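**Q** this is a predicted model, with the sequence first.
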Amino acid sequence: MKKNKSSITQDKLKADLESEMLYLKLTFINEHYNIFAEEAATNHQSHIGYLEKLIQGEADQRRDRATKRRISAAHFPVIKTHDNFRWTWPEKINRLQVQNLFRLNFINDNSNVILLGSVGLGKTHLATALGHAACLYGHHVLFATAIDVINSLSAAKAAQRLPGELKKYIRPSLLILDELGYLPIDKAGADLLFQVISQRYERGSLIITSNRAFKDWPKIFNNDSTLTSAILDRLLHHAETVVIEGKSYRMKDRIES
C-alpha cells in the first residue's frame, strides 16, 4: 500500500528531526520524545510539561555521563565508599572528624587531608571514598601513589617534557597521593614531589596517606630535613590530620586464629 502525501511528509519531518537531534547530541530526547509525546497526550499534559520532562531527562543523562567520566579519569584502583568502611576495626579513629570531611569543604577551601596510620587500617579506602564523593559532586580528581607520581615526573624530565607532566598533577581539584613513605625516595624524586606540593599550595587540595608519623618524614625524603620542613610547612598550613591506630585488617584472619 502506498503512503499518502501527508504520511510521507510526516516521515520526512520525523527523520529530519531525529537527524538534527543526533547532530546536537540530544540522545535522551531522541530516544524518548515519541514515547513522552504519547504519554503527554494520554495524560493531557501541557506542552511545557512535556518539554520539561524531556529536558530534565537529557540533563540528568549528561550529568551521569560527566560523573562517570570524572570517576574514570581519577584512576581509582578500586571504587570505595564511605558506607562500606569498617569503622569497628581500627582501635582508634575519630569517626566524626572523618564523616565531616565527606562534606568536602576542604576542597572548596583548597585545604589538605593527611591520613596517618599503619598498613591495613583503611587509609587508602577513606582516601578513595573521599575522592569518589568529590567526583559525584563535580570535582576533578586524580589518584596516584607517591612513587608513581615520582616515576612519571622523572620520565617526563628525562624526555624534556616536565612542565606538561606537572600540569597533570596540578590541574585537578583534588590530588590523592597514596602510600607516601612506603618506599624510599631519593633526592631527585623528593625534589619532584616538592614541586607538585608547592605548586598546589593554596591552589588545590591534597589527600596524602602515609604509614609514618610526621617526625619520621625526613627518612622519607632522603634525610633532607630542610626539604622535609618545606614540604610539611606547605602541607600543614591548611590541613586536617586523621590518625588511625590498630592492627592490619588484611591480617585479621591470622590475628584471630
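**A** Thanks, I have it. Numbering: from 1, shown residues only.
**Q** check contacts around Ala239.
**A** Ser111, Asn112, Val113, Ile114 (Cβ atoms under 8 Å, 6 or more residues apart in numbering). Heads up, the C-betas are built off the backbone N, CA and C, glycines and all.
**Q** for the one helix or strand Ala15 maps to, buried residues please.
**A** Ala15 belongs to helix 5-23 when assigned by DSSP states H and E. For helix 5-23, a neighbour-count test (16 or more other Cβ atoms under 10 Å) marks Glu18, Met21 as buried.
**Q** contacts for the very next helix or strand once past it next, please.
**A** Using DSSP H and E, the next helix or strand after helix 5-23 towards the C-terminus is helix 27-42. For helix 27-42, contacts defined as Cβ under 8 Å, 6+ apart pick out 18, 21-22, 45-46, 49-50, 53-55, 57-58, 60-61.
**Q** which SSE is immediately downstream of helix 27-42?
**A** helix 47-74.
**Q** what is the subsequent helix or strand relative to that following helix?
**A** Later in the chain than helix 47-74, the nearest helix or strand by DSSP H and E is helix 95-101.
**Q** which other residues reach that following helix?
**A** His82, Trp87, Val113, Leu126, Leu130, Glu240, Val242.
**Q** Arg200: which of those residues is nearest?
**A** Lowest distance from Arg200 to the contacts of helix 95-101 (Cβ to Cβ) belongs to Val113, with 13.0 Å.
**Q** and that closest one, backbone torsions?
**A** Backbone geometry at Val113, expressed as degrees, to the nearest 10, gives phi -130, psi 130.
**Q** and the residue nearest to His140 when sequence neighbours are not counted, its phi and psi?
**A** Leaving aside its chain neighbours, His140 sits nearest to Pro172 (4.6 Å; criterion: Cβ to Cβ, 6 or more residues apart in numbering). Main-chain torsions, Pro172, degrees, to the nearest 10: phi -60, psi 150.
**Q** which residues touch Pro172?
**A** Pro172 sits in contact with His139, His140, Val141, Leu142, Gly204, where contact means Cβ under 8 Å, 6+ apart.
**Q** which one of these sits in the busiest neighbourhood?
**A** Val141 (25 neighbours; other Cβ atoms under 10 Å).
**Q** separation between that one and Arg171?
**A** 11 Å (Cβ to Cβ, to the nearest Å).
**Q** ditto for Leu232
**A** From Leu232 to Arg171 the distance is 24 Å (Cβ to Cβ).
**Q** please apply the same query to Gly120.
**A** From Gly120 to Arg171 the distance is 32 Å (Cβ to Cβ).
**Q** could you tell me which of the contacts of Ala239 belong to strands?
**A** Mapping the contacts of Ala239 onto strands (DSSP state E) picks out Asn112, Val113, Ile114.
**Q** so where's this structure uncertain?
**A** 1-8, 249-257 (pLDDT under 70).
**Q** rerun at 80
**A** 1-10, 248-257 (pLDDT under 80).
**Q** would you mind giving the domain segments of it?
**A** Domains of the chain are assigned by automatic domain parsing as 5-68, 82-256.
**Q** want to throw those into TSV with distance to Ala74?
**A** Formatted as TSV, the domains of the chain follow (distance: least, Cβ to Cβ, whole Å):
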stretch	distance to Ala74
domain 5-68	11
domain 82-256	4
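**Q** what's the burial count for Tyr182?
**A** A count of neighbours around Tyr182, defined by other Cβ under 10 Å, yields 15.
**Q** now tell me what touches stretch 213-220 from outside.
**A** By Cβ under 8 Å, 6+ apart, the list of residues contacting stretch 213-220 from outside reads 116, 180-181, 184-185, 190, 210, 212, 224-225, 228, 231-232, 236.
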